[in-house]
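1. sequence below, structure please.
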Amino acid sequence: MDRILSTAGMFIVLVFIIALNLRPVMAAMGPLFPLLQHDVHFSATQLSLLTTLPVMMMGLAALAGPRLQQKMGEVRGITAGLIVLVLASAARGLHQSAATLIISALLAGVGIGVIQALMPPLIKRQFGAQAGTLMALFSTGIMAGAAMAAASAAPLAMRQGLALTLAIPALPAAIALVLWLTHVRRTAPLNLTHRPRVPLTGRAWLLMIFFGVGTGAYTLVLAWLPPFYMQHGWQAGESGYVLGALTLTEVAAGFILSTLIHRFRDRRRPLLVVLALILLGLVSLMLLGGAQAWLPTLLLGLGIGALFPLSLIVTLDHATAPEEAGALLSFVQGGGYMLAALMPLVAGIVRDRAASLDSAWAIMSVGIVVLMFMALRFRPQA
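-> Numbering: from 1, shown residues only. Sure, this is the predicted structure:
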């Protein structure tokens with residue numbers, strides 16, 4: 001088998017490093033809400049666009065994944081995605097206007113989406129049957145990057161200012177780009193006689209909706225958990241620490257999943273467990289408000305942290321070849337991210353028109369119950 005790297009170990013390290021850079025541009029926005037309100041005059045609905053727009057662009061980029069895989073190849077495509085991510089992050093440090101932040105959010109979403117569309121088929125090509133474990137590690141790296149950004153954004157902004165805080169994600173992204181270019185071997189785009197297509201069966205749509213609603217829980221919490229606690233009297237830095245703790249819990253859940261998932265050929269049991277944890281976490285937010293934050297943090301962190309990689313693993317279970325995996329993941333992530341992008345926007349509208357975000361938590365809870373019934377249909381494939 002042709003390897004793009006000299007060692008499998010280096011490939012694993014690079015996958016994790018790149019994953020660390022795929023959420024900071026969004027995870028820092030919630031803790032920075034007060035500064036963005038004061039300095040850039042953002043409303044809650046406008047703030048939600050800084051999460052909604054990248055997620056939508058991630059979806060569009062994912063839908064184009066098979067064509068990118070054919071025209072550019074996975075290695076060159078990931079390189080291009082990292083370059084766009086570096087430029088989008090750096091632009092935020094030059095000018096902090098609403099237009100700059102929104103345009104950079106769109107560009108960052110494109111870069112992230114291209115990487116997320118091309119990394120899974122590359123992992124599938126390099127590791128075959130063990131792809132599920134490395135996909136869990138990739139997803140865990142995404143959550144780890146979000147945790148660091150959420151916990152550090154508000155304290156960094158208080159010490160160094162908003163401009164540096166918004167631009168700082170460009171540095172680790174540039175480091176990841178240099179490491180990728182240094183260690184990866186140049187490969188040609190795939191010479192496919194036809195572009196892989198996903199049969200639009202009921203199962204493909206089911207996987208897409210499942211991923212979209214589940215990821216909606218992640219984007220909702222990512223964007224609005226810090227403002228929720230600030231609404232209950234918490235300081236910006238404290239609310240950022242809560243989101244950081246939640247995402248660190250997601251990281252732990254991802255690592256636990258990566259070590260245990262091979263024991264569950266039938267994914268339905270772990271799916272139902274993690275969905276129940278998310279549901280209990282959302283209910284606890286509505287019941288506890290700003291008190292006992294450790295409980296919803298633990299429940300949501302464990303649930304969301306396991307659901308995101310598990311959704312991708314279930315999707316990979318339905319593909320038998322790398323090209324088919326890329327096509328199916330592009331459809332599932334593309335449509336799913338566009339669906340997930342609606343939740344932060346809905347919450348922003350709710351926040352502008354009501355005194356509480358409880359309605360957003362309640363809507364998401366209904367969605368999780370629906371996912372539980374959907375998960376029962378994911379029987380092991382022959």
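2. flag the shaky bits of the stretch 151-300 of the chain, pLDDT-wise.
-> Filtered on pLDDT under 70, the stretch 151-300 of the chain yields the residue ranges 185-200, 262.
3. please redo it, this time with the cut-off set to 50
-> 187-188 (pLDDT under 50).
4. please name the nearest non-neighbouring residue to Leu357.
-> The spatially closest residue to Leu357, leaving aside those adjacent along the chain, is Phe228, at 5.0 Å (CB to CB, 6 or more residues apart in numbering). C-beta coordinates here come from the backbone N, C-alpha and C atoms, glycine included.
5. check Ala150 too.
-> Leaving aside its sequence neighbours, Ala150 sits nearest to Leu243 (CB to CB, 6+ apart; 3.9 Å).
6. check Gly77 too.
-> Nearest non-adjacent residue to Gly77, counting by CB to CB, 6+ apart: Leu118, 4.4 Å away.
7. please name the residues that touch the residue nearest to Leu357.
-> Ser239, Leu285, Leu357 (CB atoms under 8 Å, 6 or more residues apart in numbering).
8. among the residues you listed, which are in helices?
-> If you go by DSSP state H, those have Ser239, Leu285 in helices.
9. how about the contacts of Phe228 in a markdown table, adding distance to Leu222 and neighbour count?
-> Formatted as a markdown table, those follow (distance: CB to CB, whole Å; neighbours: other CB atoms under 10 Å):
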| residue | distance to Leu222 | neighbour count |
| --- | --- | --- |
| Ser239 | 13 | 26 |
| Leu285 | 14 | 26 |
| Leu357 | 13 | 22 |
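10. now, among the contacts of Phe228, which is nearest to Ala149?
-> Nearest to Ala149, judged by CB to CB, of those is Ser239 at 13.6 Å.
11. who are the contact partners of that closest one?
-> Gly30, Pro31, Ala154, Leu225, Pro226, Pro227, Phe228, Tyr229, Met230.
12. the fourth one touches Val242, doesn't it?
-> This points to Leu225. Yes: with contact defined as CB atoms under 8 Å, Leu225 counts as touching Val242 (6.6 Å).
13. re earlier: can you pull the contacts of the residue nearest to Ala150?
-> Listed by CB under 8 Å, 6+ apart, the contact set of Leu243 reads Ala27, Gly30, Pro31, Ala147, Ala150, Ala151, Val221, Leu222, Leu225, Pro226.
14. in what helix or strand does it lie?
-> Per DSSP states H and E: Leu243 is located in helix 236-260.
15. still on that earlier bit, just flag the most distant two among the contacts of Ser239.
-> Pairwise distances among the contacts of Ser239 were taken by CB to CB; the largest, 14.8 Å, belongs to Ala154 and Phe228.
16. what angle sits between the helix or strand where the residue nearest to Leu357 lies and helix 236-260?
-> Assigned by DSSP H and E, Phe228 falls within helix 202-231. If you take axes from the mean of the first three to the mean of the last three CA atoms, to 10 degrees, helix 202-231 sits at 150 degrees to helix 236-260.
17. got a quick PyMOL command for the buried subset of the contacts of Leu243?
-> Provided next is the PyMOL selection string for whichever of the contacts of Leu243 are buried by 16 or more other CB atoms under 10 Å:
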select buried, resi 27+30+31+147+150+151+221+222+225+226
